[in-house]
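[1] Output the structure for:
(one chain, ligands or ions: 1)
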Amino acid sequence: MFVEEIIIDGKKYLVHTYFSNNRSARITLREGNVLNVSLPTRWPKTEQIRISQNLISRAIKSISAGKWCVPLSKNTLLTSGSSFSFFGYGRLRVFFVLASSDEVLSNSDSLTVHSSCSDPSQFTQHCNSLLKLKLLDLALPKIRDRIEYFNSSFFKTKISKISIRDNSGIWGSCSAKSKISLNYKLLFLPSEIVDYVIVHELAHTQFSSHGPRFWSLVKSVMPDYENRKRWLKLHGSNEIALLRSC
Ligand SMILES: [Zn+2]
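    Prediction:
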(Lines give C-alpha, C1' and ligand atoms only; values in the text may rest on other atoms or scores of the structure.)
Protein backbone atom coordinates (compact mmCIF):
# COMPACT_ATOMS: atom_id res chain seq x y z
CA MET A 1 0.00 0.00 0.00
CA PHE A 2 1.15 3.56 -0.51
CA VAL A 3 -0.24 6.85 0.69
CA GLU A 4 -0.28 10.28 -0.90
CA GLU A 5 -1.79 13.55 0.18
CA ILE A 6 -4.02 15.68 -2.02
CA ILE A 7 -5.83 18.96 -1.40
CA ILE A 8 -9.40 19.39 -2.60
CA ASP A 9 -10.85 22.89 -2.16
CA GLY A 10 -8.39 23.63 0.62
CA LYS A 11 -9.11 20.40 2.51
CA LYS A 12 -6.51 17.69 2.96
CA TYR A 13 -7.36 14.16 1.75
CA LEU A 14 -5.22 11.05 2.07
CA VAL A 15 -5.22 8.65 -0.85
CA HIS A 16 -4.43 5.06 0.19
CA THR A 17 -3.65 2.87 -2.78
CA TYR A 18 -3.56 -0.88 -2.35
CA PHE A 19 -3.69 -3.98 -4.51
CA SER A 20 -6.22 -6.77 -4.39
CA ASN A 21 -7.29 -9.91 -6.20
CA ASN A 22 -10.48 -8.20 -7.38
CA ARG A 23 -11.09 -7.98 -11.10
CA SER A 24 -11.89 -4.29 -11.14
CA ALA A 25 -10.55 -1.09 -9.65
CA ARG A 26 -12.56 0.97 -7.20
CA ILE A 27 -12.34 4.06 -5.10
CA THR A 28 -14.17 4.68 -1.83
CA LEU A 29 -14.39 7.65 0.48
CA ARG A 30 -13.96 6.98 4.21
CA GLU A 31 -14.31 9.01 7.37
CA GLY A 32 -11.41 11.32 8.06
CA ASN A 33 -11.16 12.36 4.39
CA VAL A 34 -9.50 9.15 3.25
CA LEU A 35 -9.83 7.91 -0.31
CA ASN A 36 -9.12 4.21 -0.70
CA VAL A 37 -8.07 3.13 -4.18
CA SER A 38 -8.08 -0.60 -4.80
CA LEU A 39 -6.37 -1.92 -7.94
CA PRO A 40 -6.23 -5.45 -9.32
CA THR A 41 -2.78 -6.98 -8.74
CA ARG A 42 -2.91 -8.74 -12.09
CA TRP A 43 -3.12 -5.55 -14.16
CA PRO A 44 0.04 -4.25 -15.85
CA LYS A 45 1.71 -1.41 -13.98
CA THR A 46 0.88 1.19 -16.69
CA GLU A 47 -2.80 0.24 -16.56
CA GLN A 48 -2.81 0.47 -12.75
CA ILE A 49 -1.38 3.98 -12.91
CA ARG A 50 -3.72 5.13 -15.68
CA ILE A 51 -6.89 3.84 -14.01
CA SER A 52 -5.90 5.04 -10.57
CA GLN A 53 -5.24 8.58 -11.87
CA ASN A 54 -8.57 8.47 -13.64
CA LEU A 55 -10.43 7.36 -10.48
CA ILE A 56 -8.73 10.02 -8.38
CA SER A 57 -9.49 12.83 -10.81
CA ARG A 58 -13.15 11.74 -10.99
CA ALA A 59 -13.26 11.60 -7.19
CA ILE A 60 -11.84 15.12 -6.94
CA LYS A 61 -14.53 16.37 -9.33
CA SER A 62 -17.34 14.66 -7.39
CA ILE A 63 -16.11 15.87 -4.01
CA SER A 64 -15.57 19.34 -5.36
CA ALA A 65 -19.07 19.38 -6.87
CA GLY A 66 -20.49 18.38 -3.49
CA LYS A 67 -21.74 15.09 -4.94
CA TRP A 68 -19.81 12.82 -2.62
CA CYS A 69 -20.12 12.83 1.12
CA VAL A 70 -18.10 11.04 3.75
CA PRO A 71 -20.15 8.15 5.11
CA LEU A 72 -20.87 8.16 8.81
CA SER A 73 -19.18 5.57 10.92
CA LYS A 74 -21.41 2.75 12.14
CA ASN A 75 -21.19 4.01 15.71
CA THR A 76 -22.98 7.27 14.99
CA LEU A 77 -25.96 6.73 17.26
CA LEU A 78 -28.67 8.98 18.60
CA THR A 79 -29.15 8.85 22.35
CA SER A 80 -32.34 9.08 24.37
CA GLY A 81 -33.37 12.71 24.88
CA SER A 82 -31.54 14.00 21.81
CA SER A 83 -33.32 16.13 19.27
CA PHE A 84 -32.80 16.78 15.60
CA SER A 85 -34.58 18.45 12.72
CA PHE A 86 -36.16 16.02 10.32
CA PHE A 87 -37.43 16.62 6.81
CA GLY A 88 -41.09 17.64 6.82
CA TYR A 89 -41.44 17.40 10.60
CA GLY A 90 -39.38 20.22 12.07
CA ARG A 91 -37.62 19.43 15.32
CA LEU A 92 -38.17 15.97 16.83
CA ARG A 93 -36.97 14.65 20.18
CA VAL A 94 -36.43 10.93 20.74
CA PHE A 95 -36.81 8.87 23.88
CA PHE A 96 -35.71 5.28 24.34
CA VAL A 97 -37.62 3.06 26.76
CA LEU A 98 -37.13 -0.60 27.70
CA ALA A 99 -40.43 -2.42 27.04
CA SER A 100 -41.87 -5.88 26.50
CA SER A 101 -42.13 -5.45 22.74
CA ASP A 102 -40.68 -3.29 19.97
CA GLU A 103 -42.72 -0.29 18.91
CA VAL A 104 -42.18 3.35 17.99
CA LEU A 105 -44.84 5.84 19.05
CA SER A 106 -44.90 9.21 17.40
CA ASN A 107 -46.60 12.50 18.09
CA SER A 108 -46.11 15.92 16.61
CA ASP A 109 -42.75 16.70 18.19
CA SER A 110 -41.36 13.49 19.64
CA LEU A 111 -40.83 9.81 19.02
CA THR A 112 -40.72 7.22 21.80
CA VAL A 113 -38.91 4.04 20.95
CA HIS A 114 -39.99 0.97 22.93
CA SER A 115 -37.27 -1.63 22.71
CA SER A 116 -37.40 -5.19 23.99
CA CYS A 117 -33.62 -5.43 23.95
CA SER A 118 -32.56 -6.10 27.53
CA ASP A 119 -28.81 -6.28 26.85
CA PRO A 120 -27.55 -2.84 27.93
CA SER A 121 -24.63 -3.00 25.50
CA GLN A 122 -27.03 -3.45 22.56
CA PHE A 123 -29.95 -1.32 23.75
CA THR A 124 -29.04 2.00 22.08
CA GLN A 125 -28.07 0.27 18.86
CA HIS A 126 -31.39 -1.60 18.80
CA CYS A 127 -33.36 1.60 19.50
CA ASN A 128 -31.53 3.32 16.66
CA SER A 129 -32.45 0.51 14.25
CA LEU A 130 -36.13 0.73 15.22
CA LEU A 131 -36.00 4.51 15.02
CA LYS A 132 -34.47 4.47 11.56
CA LEU A 133 -37.22 2.24 10.16
CA LYS A 134 -39.83 4.57 11.62
CA LEU A 135 -38.09 7.66 10.26
CA LEU A 136 -37.90 6.11 6.79
CA ASP A 137 -41.64 5.39 7.00
CA LEU A 138 -42.38 8.94 8.03
CA ALA A 139 -40.11 10.51 5.44
CA LEU A 140 -41.00 8.63 2.29
CA PRO A 141 -44.48 10.15 1.69
CA LYS A 142 -43.12 13.66 2.37
CA ILE A 143 -40.22 13.11 -0.03
CA ARG A 144 -42.60 11.73 -2.68
CA ASP A 145 -44.79 14.83 -2.33
CA ARG A 146 -41.79 17.11 -2.71
CA ILE A 147 -40.48 15.28 -5.79
CA GLU A 148 -43.99 15.29 -7.25
CA TYR A 149 -44.27 19.03 -6.65
CA PHE A 150 -41.04 19.87 -8.50
CA ASN A 151 -41.67 17.30 -11.20
CA SER A 152 -45.20 18.41 -12.02
CA SER A 153 -44.25 22.10 -11.89
CA PHE A 154 -41.03 22.00 -13.92
CA PHE A 155 -39.95 18.67 -15.38
CA LYS A 156 -43.14 16.75 -16.23
CA THR A 157 -41.34 13.46 -16.58
CA LYS A 158 -42.18 9.93 -15.50
CA ILE A 159 -40.38 8.86 -12.33
CA SER A 160 -40.28 5.08 -12.13
CA LYS A 161 -39.24 4.72 -8.49
CA ILE A 162 -38.38 6.81 -5.45
CA SER A 163 -36.32 5.37 -2.62
CA ILE A 164 -34.39 6.52 0.42
CA ARG A 165 -31.24 4.59 1.24
CA ASP A 166 -28.59 4.61 3.89
CA ASN A 167 -25.95 2.59 2.11
CA SER A 168 -24.55 5.17 -0.15
CA GLY A 169 -21.77 7.73 -0.07
CA ILE A 170 -23.64 10.12 -2.34
CA TRP A 171 -26.51 12.47 -1.50
CA GLY A 172 -28.71 11.38 -4.35
CA SER A 173 -28.81 9.55 -7.64
CA CYS A 174 -31.00 9.23 -10.69
CA SER A 175 -30.75 6.17 -12.91
CA ALA A 176 -31.17 6.09 -16.68
CA LYS A 177 -34.67 4.71 -16.04
CA SER A 178 -35.54 7.71 -13.84
CA LYS A 179 -35.31 5.92 -10.53
CA ILE A 180 -34.50 8.54 -7.93
CA SER A 181 -32.71 7.55 -4.78
CA LEU A 182 -31.90 9.89 -1.92
CA ASN A 183 -29.53 9.43 0.99
CA TYR A 184 -31.23 8.88 4.37
CA LYS A 185 -28.79 11.32 5.99
CA LEU A 186 -30.13 14.09 3.79
CA LEU A 187 -33.35 14.01 5.83
CA PHE A 188 -31.52 15.58 8.77
CA LEU A 189 -30.41 18.60 6.73
CA PRO A 190 -32.40 21.81 6.15
CA SER A 191 -35.35 21.36 3.77
CA GLU A 192 -33.97 23.85 1.23
CA ILE A 193 -30.91 21.61 0.89
CA VAL A 194 -33.12 18.54 0.37
CA ASP A 195 -34.99 20.53 -2.29
CA TYR A 196 -31.71 21.27 -4.05
CA VAL A 197 -30.78 17.58 -4.21
CA ILE A 198 -34.29 16.74 -5.47
CA VAL A 199 -34.08 19.36 -8.24
CA HIS A 200 -30.55 18.19 -9.09
CA GLU A 201 -31.68 14.57 -9.47
CA LEU A 202 -34.80 15.56 -11.43
CA ALA A 203 -32.58 17.54 -13.81
CA HIS A 204 -30.69 14.29 -14.44
CA THR A 205 -33.87 12.89 -16.01
CA GLN A 206 -33.17 15.40 -18.82
CA PHE A 207 -29.35 15.47 -18.90
CA SER A 208 -27.23 12.69 -17.49
CA SER A 209 -23.98 14.63 -17.17
CA HIS A 210 -23.17 17.88 -15.35
CA GLY A 211 -22.75 20.00 -18.48
CA PRO A 212 -23.79 23.65 -18.98
CA ARG A 213 -27.29 22.64 -20.12
CA PHE A 214 -27.75 20.59 -16.95
CA TRP A 215 -26.78 23.51 -14.67
CA SER A 216 -28.87 26.04 -16.58
CA LEU A 217 -31.89 23.77 -16.17
CA VAL A 218 -31.21 23.53 -12.40
CA LYS A 219 -30.84 27.31 -12.27
CA SER A 220 -34.09 27.91 -14.14
CA VAL A 221 -35.94 25.93 -11.46
CA MET A 222 -33.89 27.11 -8.48
CA PRO A 223 -32.12 30.44 -9.20
CA ASP A 224 -30.15 30.30 -5.91
CA TYR A 225 -29.05 26.69 -6.31
CA GLU A 226 -25.36 27.61 -6.10
CA ASN A 227 -25.69 28.74 -2.47
CA ARG A 228 -27.45 25.51 -1.53
CA LYS A 229 -24.90 23.43 -3.40
CA ARG A 230 -22.07 25.24 -1.63
CA TRP A 231 -23.72 24.80 1.75
CA LEU A 232 -24.10 21.06 1.17
CA LYS A 233 -20.48 20.72 0.19
CA LEU A 234 -19.19 22.71 3.14
CA HIS A 235 -21.53 21.64 5.92
CA GLY A 236 -23.45 18.52 4.88
CA SER A 237 -21.31 15.86 6.52
CA ASN A 238 -20.38 17.99 9.57
CA GLU A 239 -23.99 18.83 10.23
CA ILE A 240 -24.90 15.16 10.43
CA ALA A 241 -21.93 14.37 12.65
CA LEU A 242 -23.33 16.94 15.11
CA LEU A 243 -26.34 14.69 15.67
CA ARG A 244 -24.16 12.67 18.01
CA SER A 245 -23.94 15.45 20.50
CA CYS A 246 -27.24 17.33 20.26
ZN1 LIG B 1 -25.55 14.99 -10.51
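[2] Going by C-alpha atoms from here, please, whenever you check contacts or count neighbours.
    Noted.
[3] quick one: buried residues of stretch 28-41?
    For stretch 28-41, burial by neighbour count (16 or more other C-alpha atoms under 10 Å) applies to Thr28, Leu29, Arg30, Val34, Leu35, Asn36, Val37, Ser38, Leu39, Pro40, Thr41.
[4] show me the contacts for Leu140.
    Counting by C-alpha atoms under 8 Å, 6 or more residues apart in numbering, Leu140 makes contact with Ser163, Ile164.
[5] same question, the one 10 residues further on
    For Phe150, the contact set (C-alpha under 8 Å, 6+ apart) comprises Val199.
[6] how close does it get to Pro141?
    14 Å (C-alpha to C-alpha, to the nearest Å).
[7] Outside of stretch 53-62 itself, list whatever touches it.
    Ile8, Arg26, Ile27, Val37, Trp68.
[8] Next one: Phe87 from Asp9, what distance?
    In terms of C-alpha to C-alpha, Phe87 sits 29 Å off from Asp9.
[9] Those two: who's more crowded?
    Phe87 (21 against 10; other C-alpha atoms under 10 Å).
[10] List the residues that contact that one.
    Taking C-alpha under 8 Å, 6+ apart as the criterion, Phe87 is in contact with Ala139, Lys142, Leu187, Phe188, Leu189, Pro190, Ser191, Val194.
[11] Most distant residue from the centre of the chain?
    In the chain, the residue that sits farthest from the middle, by C-alpha atoms, centre = their mean, is Pro44; the gap is 34.8 Å.
[12] State the phi and psi torsions of that residue.
    With angles defined as degrees, to the nearest 10, Pro44 sits at phi -60, psi 150.
[13] separation between it and Lys11?
    32 Å.
[14] contacting residues around Arg93?
    When contacts are counted by C-alpha under 8 Å, 6+ apart, Arg93 is found next to Gly81, Ser82, Ser83, Phe84, Asp109, Ser110, Leu111.
[15] Narrow the residues you listed to just the buried residues.
    Ser83, Phe84, Ser110, Leu111.
[16] ok, which pair from these is furthest apart?
    Largest separation among these by C-alpha to C-alpha: Phe84 and Leu111, giving 11.2 Å.
[17] Determine the residues that are contacts of both of the two.
    With C-alpha under 8 Å, 6+ apart as the test, Phe84 and Leu111 both reach Leu92, Arg93.
[18] which helices and strands does the lowest-mean-pLDDT helix or strand in the chain pack with?
    Among the helical and strand segments of the chain, the one scoring lowest on mean pLDDT, DSSP states H and E is helix 225-241, with a mean of 80. Secondary-structure packing of helix 225-241 (3 or more C-alpha pairs under 8 Å, 6 or more residues apart in numbering; DSSP states H and E): helix 191-203.
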